[in-house]
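Student: Sequence plus the predicted model coming up.
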Amino acid sequence: MKKAKKEMDPEKMQSLLRNEKAVKGIAGEISRLAGKHGARIMHVCGSHEHTATRFGLRTLLPANVELIAGPGCPVCVCSSADIRDAIEVAKKGAILTTFGDMMRDRTQHGSLEDARATGADVRMVYSPLDAVQMAKDNARREVVFFGVGFETTAAPVASMVSDDLPANFSMLTSFKLTSPAVDALLASGKHHLDGIIAPGHVSTVVGAVDWARFPEKYGVPAVVAGFEPADLLLAILKILQQMKAGKPKVENEYTRLVRFEGNPHAQEAMRNAFDVKPAFWRGIGMIPDSGLFLKERWSDFDAKRKFEIQSSIDSEKDLPKGCHCDEVIVGELYPNECPLFGKTCTPASPYGPCMVSGEGTCYIWHRFGDPRELRKILAGRK
Amino acid sequence: MEKRVTLGHGAGGKLTQDLINSLFIPHLKNDLLMEMGDSAIIRKKPLRDRLAFTTDSFVVTPLFFPGGDIGKLAVNGTINDLVVAGAEPLYLSAGFILEEGLPFEDLERVCVSMADACNNGGVQIVAADTKVVEKGKGDGIFINTSGVGLLRPKARIDPKRVAPGDSILVTGTLGDHGISVFLARQKLGINTNVKSDCAALNTLLLPLIDKFGGDIHFMRDLTRGGFATILNEMAGQSGTSVVVREDSIRVLPGVVAVCEMLGFDPLYLANEGKAMLAISPDVAGKVLKHLRKHRLGRNAEIVGQVDQAGEGKARVFLDTTVGGTRLLDRLLEDQLPRIC
């Protein structure tokens, strides 16, 4: 009788996925398959951009295999109207809780950090449950959780929405769905892509199945990928293999966490808490069926109702003057091709939203360097 | 909008630098301050020896954490600032700002811990001051310590002496202190055995100065902003570039785990018992051997090399574990405020 296969210890798995020999082997195979035609591949996740740049993966890829960052940073696409609402709630005396990333996102009305410096009670939390606990501990204060994110953040928030929430707790949400945004890019006909790397964490919720529309509708391969260096390179390799075979399909590289159908419990919780409606993406505009909004039945926990806030979008692109985040966010422009990059717009003093968060493409490139320039320096070293 | 101080101004990164350059320097400027070392080196007569003088304030929260407390930190922090300038620490001053309502027991614990640290570090606190502020206007205890020491005769530590070819050494694992304080503060329910590395570095580093003297070009303790920030400061001050090999940097598994979970980078986390050195490559092997013989240096490692600054840009590059290359830039944000 055969023994059941033992699951690999996560630490061992990680060291394998960060093994120099393995990574360079995959990169070599990518170079061979890319040949002269190359490929233009988009990922839609700040964590993928982080892995690619933090490990210097692009310095291992041939120049004609372009890995571009799509709209995968929730802070970057959060509208300034949503941030303004949060500032207003904080100024009305509530304890406004949010994730650290949102503190510095700027709008023409300032940032939450500015609001805090002028006396508003804005607090960072690591989990929405901390905000609920804070409401229980501060029964005489209103506590508001400002939730910004994609499916990965929306699902845990959805799972805590119930009649058991304290009455002095409410939420401002700016939750968005990833694949409809990529769909909108391709539907516009303005963007040529040879492949899509689907975000692993988002796909734990929505499943690989959510990305099947891309091979079906547009003939573009889609591969769900994890966040280790070898994960990302394997996804690129799989896309090149599909291109060569001429058979685009959806593939799951991240099988150790993602199921084809996703997580039905998380999906059920989201259906219970939210309605899917059109949503405004900063730098892009309105995208159909791309936002999650608290259902009418939970309106007691809707901070917009509670604090009587009316919001409206500032402008078509919703960006400060001269900011090119709209082009960076859809992969049309590399961050350092923006004239403000590293000059009037830096991580210490961000001007545009893509320079704010650790998941923003401009921030990541400012921190870890332009791979094209690094390639040149490496060539000089040898 | 009216300009106000935010938490970022105390993070040791770009904003702090801006604050120093635009506010403190214009008002407080003098020749010694402008050398911007970890200690001021006083060359004036009638002192026969060169005197080192430094100050530091401590606002860590919580006051007590695995591996140390604010008192131990305040003594060792100032000792280490003197030591990395090449000085033997001698006398400290201590200024306390206490919050009304602080239990005597806590204050006593901190004082005992300071006395222990003084004994271990061979220093005396020769001047002290206490102030009390109303409840809610402080956070238990804040401490300022200043220290003087005498430079070792052979010490020639100066970033301008850092040259292409120099070896970069780190004396141990990175990030222990930052993660220890963070976990003690946040109560995330994460169990690790990570303890602060808070320790006096005089017995580790001063013998090196005596033995290798002028071959040691640069030393810094890796406190706020961590290894990456100090490396960038060194590159900027010496007009060189540095190439670091990621796989040679040691980080404890518990620190790696918390960093992976919460998105911190150990290269930017504070340490309170670690230093980096830039030394002549000829003595690198010997210095490494010497460091590893000491309890506080047994995880020492050569982690990189100084290079010419390409196109006049002083930068730090990291050759990553998978063989790629990227920039290792300055601290950009407040990873963990109030860590020391």
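Tutor: Cool, the structure landed. Numbers count the residues shown, from 1 in each chain, chains lettered A, B, ... in the order given.
Student: and residue 234, what is it in contact with?
Tutor: Assuming you mean chain A. A:Ile26, A:Ala225, A:Glu253 (C-beta atoms under 8 Å, 6 or more residues apart in numbering or on different chains). C-betas here are computed from N, CA, C, even on glycine.
Student: To clarify, I was referring to chain B.
Tutor: Each residue near B:Met234 by C-beta under 8 Å, 6+ apart is listed here: B:Pro159, B:Val162, B:Phe218, B:Arg220, B:Thr240, B:Val242, B:Ala278.
Student: could the contacts of A:Leu234 go into TSV alongside neighbour count?
Tutor: Formatted as TSV, the contacts of A:Leu234 follow (neighbours: other C-beta atoms under 10 Å in any protein chain shown):
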residue	neighbour count
A:Ile26	22
A:Ala225	28
A:Glu253	24
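Student: Pull the number of nearby residues for B:Ala235.
Tutor: 25 (other C-beta atoms under 10 Å in any protein chain shown).
Student: what does chain A put close to chain B?
Tutor: A:11, A:18-20, A:23-24, A:53-60, A:104, A:110, A:113-114, A:116-118, A:126, A:229-230, A:346-348, A:358, A:363, A:366-369, A:371, A:374, A:377-378, A:380 (C-beta under 8 Å from any C-beta of the partner chain).
Student: Give me the PyMOL select line for the residues you listed, limited to the buried ones.
Tutor: Selection of the buried residues among the residues of chain A next to chain B in PyMOL, burial being defined by 16 or more other C-beta atoms under 10 Å in any protein chain shown:
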select buried, chain A and resi 18+19+20+23+53+54+55+56+57+58+59+60+104+113+114+116+117+229+230+346+347+348+358+363+366+367+368+369+371+374+377+378
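Student: Can you flag which of the residues of chain A next to chain B belong to helices?
Tutor: Residues of the residues of chain A next to chain B located in helices (DSSP state H): A:11, A:20, A:23-24, A:53-54, A:113-114, A:116-117, A:229-230, A:363, A:366-368, A:371, A:374, A:377-378, A:380.
Student: would you list every one of the strands in the stretch 101-250 of chain A?
Tutor: A:122-124, A:143-149, A:169-176, A:195-199, A:222-225, A:250-252 (DSSP state E, counting those that start in this stretch).
Student: packing partners for the first one?
Tutor: When you say that, I think you mean strand A:122-124. If you count contacts as 3 or more C-beta pairs under 8 Å, 6 or more residues apart in numbering or on different chains; DSSP states H and E, strand A:122-124 packs onto strand A:95-98, helix A:112-117.
Student: can we see that at 6 Å?
Tutor: helix A:112-117 (3 or more C-beta pairs under 6 Å, 6 or more residues apart in numbering or on different chains; DSSP states H and E).
Student: Please name the residues that touch residue 229.
Tutor: Since you didn't name a chain, this refers to chain A. By C-beta atoms under 6 Å, 6 or more residues apart in numbering or on different chains, the contact list for A:Pro229 reads A:Arg18, A:Val23, A:Phe55, A:Leu57, B:Val322.
Student: my question was about chain B
Tutor: With contact taken as C-beta under 6 Å, 6+ apart, B:Thr229 is in contact with B:Arg330, B:Leu331.
Student: Chain neighbours aside, what residue packs nearest to the residue of chain B found nearest chain A?
Tutor: Residue of chain B nearest chain A, by C-beta to the nearest C-beta: B:Gly324 (2.5 Å). Closest residue in space to B:Gly324, ignoring its immediate chain neighbours: A:Gly56 at 2.5 Å, by C-beta to C-beta, 6 or more residues apart in numbering or on different chains.
Student: How about exporting the worst-scoring helix or strand of chain A on mean pLDDT as PDB, limited to the C-alpha atoms?
Tutor: Lowest by mean pLDDT, DSSP states H and E among the helices and strands of chain A is helix A:10-17, with a mean of 78. In PDB, the C-alpha atoms belonging to helix A:10-17 read as follows (Å, rounded to 0.1, in the frame of the first residue of the first chain):
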ATOM      1  CA  PRO A  10       5.900  25.700   4.700                       C
ATOM      2  CA  GLU A  11       9.400  26.900   5.600                       C
ATOM      3  CA  LYS A  12      11.000  24.300   3.300                       C
ATOM      4  CA  MET A  13       8.500  25.200   0.600                       C
ATOM      5  CA  GLN A  14       9.400  28.900   0.900                       C
ATOM      6  CA  SER A  15      13.200  28.200   0.800                       C
ATOM      7  CA  LEU A  16      12.600  26.100  -2.400                       C
ATOM      8  CA  LEU A  17      10.600  28.900  -4.000                       C
END
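Student: what's it in contact with?
Tutor: A:Glu228, A:Ala230.
Student: Name the residues of that helix that are buried.
Tutor: A:Leu17.
Student: cool, and stretch A:140-157?
Tutor: Buried-residue list, stretch A:140-157, by 16+ other C-beta under 10 Å: A:142-157.
Student: Run the chain-centre distance for it.
Tutor: 16 Å (C-alpha atoms, centre = their mean, to the nearest Å).
Student: in chain B, which segments are predicted with low confidence?
Tutor: Low-confidence segments of chain B, defined by pLDDT under 70, span residues B:1-12, B:19, B:23-24, B:27-29, B:33, B:40, B:42-48, B:332-335.
Student: pLDDT value on the spatially closest residue to A:Gly207 that is not a sequence neighbour, please?
Tutor: Spatial nearest neighbour of A:Gly207, chain neighbours left out: A:Gly262 (2.7 Å); criterion: C-beta to C-beta, 6+ apart. Note on A:Gly262: pLDDT of 97.
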